[in-house]
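In: curious how this folds, go ahead:
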Amino acid sequence: MRRDAHEPAPTGRDLIEKLLAGPRHRYQGVMGVFYYVDDAAAAVRALRRLGHQRLAVFSPVPHHEIEQALDQGPSLVRWVTFTGGVSLGCTGGFALCIYSVYAVPARGRRQGAGFAAAVRRDRLRDR
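Out: Down below sits the predicted model:
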């Protein structure tokens, strides 16, 4: 930022006011506050008909009527959550089973040979 030779140098007070003012806001637009979901959805539909594409609605709880008015597709969050739950659930379940086989003492038998030892014992009994 260049200053003209005729401009006075900024004082400490000017700098403090500039710091206290904070950054300039980047968002432009109009904000509306609606008490009823129907009114908000009607406003979104009217703005869509007028050609506005980038609309944002902030609500403390989801409303299907507003989602339909915004023409949003299905959320990716549900598929990511499902995939993560299945993959981590299966991995965790198998890891717990394998850990319990190797962590619990086998009472005189080799660890990890529980199934094989049981099969051998059954075969020896059959003879």
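In: when you work out contacts or count neighbours from here on, use the C-alpha atoms and nothing else.
Out: Will do.
In: so how far is Phe58 from Pro74?
Out: Distance from Pro74 to Phe58, counting by CA to CA, to the nearest Å: 18 Å.
In: helices of this protein, residue ranges please.
Out: 12-21, 37-49, 64-70, 77-103, 114-126 (DSSP state H).
In: ok, and what's touching stretch 36-54?
Out: Applying CA atoms under 8 Å, 6 or more residues apart in numbering, the external contacts of stretch 36-54 come out as 34, 55, 63, 65-66, 69-70.
In: what residues go with each domain of this protein?
Out: Under the assignment automatic domain parsing, the domains of the chain span 12-70, 77-126.
In: mean neighbour count and distance to His6 added to those domains, as TSV?
Out: Shown next, in TSV, are those (neighbours: other CA atoms under 10 Å; distance: least, CA to CA, whole Å):
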stretch	mean neighbour count	distance to His6
domain 12-70	11	17
domain 77-126	11	58
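In: stretch 59-70: end-to-end distance?
Out: One end of stretch 59-70 to the other measures 13 Å (CA to CA).
In: tell me the predicted confidence for Pro105.
Out: The confidence metric pLDDT takes the value 65 at Pro105.
In: next: the one 4 residues further on.
Out: Looking at Arg109, its pLDDT stands at 54.
In: then Lys18?
Out: For Lys18, the pLDDT comes out at 82.
In: contact partners for it?
Out: Contact analysis of Lys18 by CA under 8 Å, 6+ apart lists nothing.
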